[in-house]
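Visitor: Let's see this in three dimensions:
(one chain, ligands or ions: 1)
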Amino acid sequence: MDTAAFASPRHSRYHPTNAAPPTARHTSRGNLPIDTPPPYGPVRPDEIDAVARLAHHGFGLPRPIFDRYADLFGVDRLRVLRATGPTGRCEPMACAAHWLVNQWFCGQPVSTQAIAMVAVDPTRRGEGHGSALMRNLLAEGRAAGAAQAVLWPSTLPFYQRLGFGRGGVACRWSAPPALLTPLRGIEWDDGAILPADPRDATPLAAIRRRMLEDGNGLIERDETLWSLALCPDGDPAALFLLTGPSGAEGYIALSPPQSRRLQVADLCAATPRALQLARRLLSGYRAQADHVVWRGGPDESLPLLASDLGVELEQREEWLLRILDVRRALTARAYPSDIDTVVAFAINDPLFPENNQTFHLKVAKSKGEIILCMNDNAPTATLGIDAFSSLYSGHASAKALWQAGLLYGKEKIIAPMERLFCGPRPWMVDRF
Ligand SMILES: CC(C)(COP(=O)(O)OP(=O)(O)OC[C@H]1O[C@@H](n2cnc3c(N)ncnc32)[C@H](O)[C@@H]1OP(=O)(O)O)[C@@H](O)C(=O)NCCC(=O)NCCS
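Guide: Numbering: from 1, shown residues only. Here you go, the predicted model:
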């Protein structure tokens, strides 16, 4: 996996001055030339400037950064919703980016639509363009085979109306480097910290695989996400392999200290030895930094090893999940191996009628299958697609949803649901 190509901004090859002009075609809608493109669809080369402006208004994204992302993600991932503007021309009023990744739950990958850069023209907000764009985008993701969609929100109500629920968290931790000094006597003399090339993520993906399998919610990175992780600001971070006698057991990528804060760009420590080596490396920065800052899950190991009080949870953010295809989602993920049961979900999904039914899930030997059930009296949990999404990821327990009035059913349905969706608390730190 080569991350070098994405290390720094490049002039966008999709700038309209570089692109071939759109050719006139004719459609089955009549003999009209396509001056009027369909309301929703992939961005056209002559619309890239308009999308860059939407991104600037929506996120304050300067053009060079937009061009970097356009190169990183590829403009074929951009979608627009067009409407007639003040000039009478049909132009992009809203934009978003999407692509397929795998998100792991209980040791299995689930095909997922990752969504980013949702923005609506500031003069046209509140007119329904954002919702219309999202409905089209989610339908496209579902048709492409995604079982669910994931995104980082800046607002909850807008996405909740579209069926998103809270999916999991990302935590930002900080600690004075001195607190991370390994205790004497438990140094790992057979371990080493070796500088490595941040432009080749292939060995890192192999190390990270164990984290994907053991955790919940982590995304299997493609080249784009590796580039963002290892070259967060466009420049490659300093990468170190944390090795034992049989090879690499972890890695750590560091951005240069700024304002006496040392930012860990990425960290994966698959063994106690790798974690001790990471501590040794980080504590060595105590003359240059007052704080080491890293992003991770709610159940991090590093805070447990701090030598004194002073580790802080600086920030806790939530990402959102939306199950697009209930049947596919329930059969893609795995379940705890000691459970043999059948549970029923009556799902309310205003967007996808295929989800709007009762699903009987039979789980045995970690696998789930949807079965036909003639027993009308089978205990059933009734819930909206947003609450179901939070239950599915394990972010919200069946009991918490039931107590909140977001899951309806007899109390006896709670215990098997709690056991089905238990496991490590879901977290994911990749930003998109
Ligand atoms: C968030 C955004 C995409 C919404 O687009 P929009 O076209 O204004 O939304 P819609 O008109 O389709 O609104 C649908 C509903 O969501 C609500 N809504 C929209 N934006 C909201 C917000 N920021 N906070 C709370 N509710 C919001 C609307 O009130 C509306 O509810 P209603 O039907 O009861 O009136 C748009 O405001 C935007 O571009 N914001 C800046 C960029 C941004 O924050 N993007 C999201 C990044 S994750």
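Visitor: Quick one: list the elements packing against the helix or strand encompassing residue 267.
Guide: Assigned by DSSP states H and E, residue 267 belongs to strand 261-269. On a contact count with 3 or more CB pairs under 8 Å, 6 or more residues apart in numbering; DSSP states H and E, strand 261-269 meets helix 202-214, helix 223-230, strand 247-254, helix 272-283, strand 291-296. Backbone N, C-alpha and C define where each C-beta goes, glycine included.
Visitor: so can I have JSON lines of these showing distance to the ligand, mean neighbour count and mean pLDDT?
Guide: JSON lines is the format used below for the helices and strands packed on strand 261-269 (distance: least, CB to the nearest ligand atom, whole Å; neighbours: other CB atoms under 10 Å; pLDDT from 0 to 100):
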{"stretch": "helix 202-214", "distance to the ligand": "25", "mean neighbour count": "16", "mean pLDDT": "95"}
{"stretch": "helix 223-230", "distance to the ligand": "16", "mean neighbour count": "22", "mean pLDDT": "94"}
{"stretch": "strand 247-254", "distance to the ligand": "26", "mean neighbour count": "22", "mean pLDDT": "97"}
{"stretch": "helix 272-283", "distance to the ligand": "32", "mean neighbour count": "21", "mean pLDDT": "94"}
{"stretch": "strand 291-296", "distance to the ligand": "18", "mean neighbour count": "21", "mean pLDDT": "97"}
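Visitor: Make a markdown table from the ones you listed and add distance to residue 148 to it.
Guide: Listed next are the helices and strands packed on strand 261-269 as a markdown table, based on distance: least, CB to CB, whole Å:
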| stretch | distance to residue 148 |
| --- | --- |
| helix 202-214 | 16 |
| helix 223-230 | 17 |
| strand 247-254 | 28 |
| helix 272-283 | 31 |
| strand 291-296 | 22 |
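Visitor: out of these, which comes closest to residue 49?
Guide: Ranking these by their distance to residue 49 (criterion: CB to CB) puts helix 223-230 first, at 22.3 Å.
Visitor: Relative to the ligand, which residue of this protein is the closest?
Guide: Per CB to the nearest ligand atom, residue 130 is where the chain lies closest to the ligand, at 2.3 Å.
Visitor: That residue - how many residues pack around it?
Guide: 23 (other CB atoms under 10 Å).
Visitor: Ok, residue 93 next?
Guide: 25.
Visitor: In the one helix or strand residue 68 maps to, which residues are buried?
Guide: Using DSSP H and E, residue 68 falls within helix 63-73. For helix 63-73, the neighbour count (16 or more other CB atoms under 10 Å) marks 65-73 as buried.
Visitor: Let me see the domain layout of the protein.
Guide: Using automatic domain parsing, the domain parsing of the chain gives 4-151, 171-316, 325-420.
Visitor: Specify the local secondary structure of the residue lying closest to residue 367 once chain neighbours are set aside.
Guide: Counting by CB to CB, 6 or more residues apart in numbering, residue 367 lies nearest to residue 334, which is 6.8 Å off, once chain neighbours are set aside. Here residue 334 is recorded as coil under DSSP: H, G, I helix; E, B strand; the rest coil.
Visitor: picking that back up, next structured bit after the helix holding residue 68?
Guide: Assigned by DSSP H and E, the successor of helix 63-73 is strand 78-84.
Visitor: what angle do the helix holding residue 68 and helix 223-230 make?
Guide: Helix 63-73 and helix 223-230 meet at an angle of 130 degrees, taking axes from the mean of the first three to the mean of the last three CA atoms, to 10 degrees as the criterion.
Visitor: now check helix 63-73, is it near the ligand?
Guide: No: using CB under 6 Å from any ligand atom, helix 63-73 stays clear of the ligand, coming no nearer than 13.9 Å.
Visitor: what about that helix, distance to the chain center?
Guide: 19 Å (CA atoms, centre = their mean, to the nearest Å).
Visitor: ok, the residue nearest to residue 367 - contacts?
Guide: 105-108, 366-368 (CB atoms under 8 Å, 6 or more residues apart in numbering).
Visitor: same question, residue 210
Guide: Residue 210 is in contact with residue 270, counting by CB under 8 Å, 6+ apart.
Visitor: now it: how far from residue 397?
Guide: 26 Å (CB to CB, to the nearest Å).
Visitor: ditto for residue 164
Guide: Distance from residue 164 to residue 397, by CB to CB: 19 Å.
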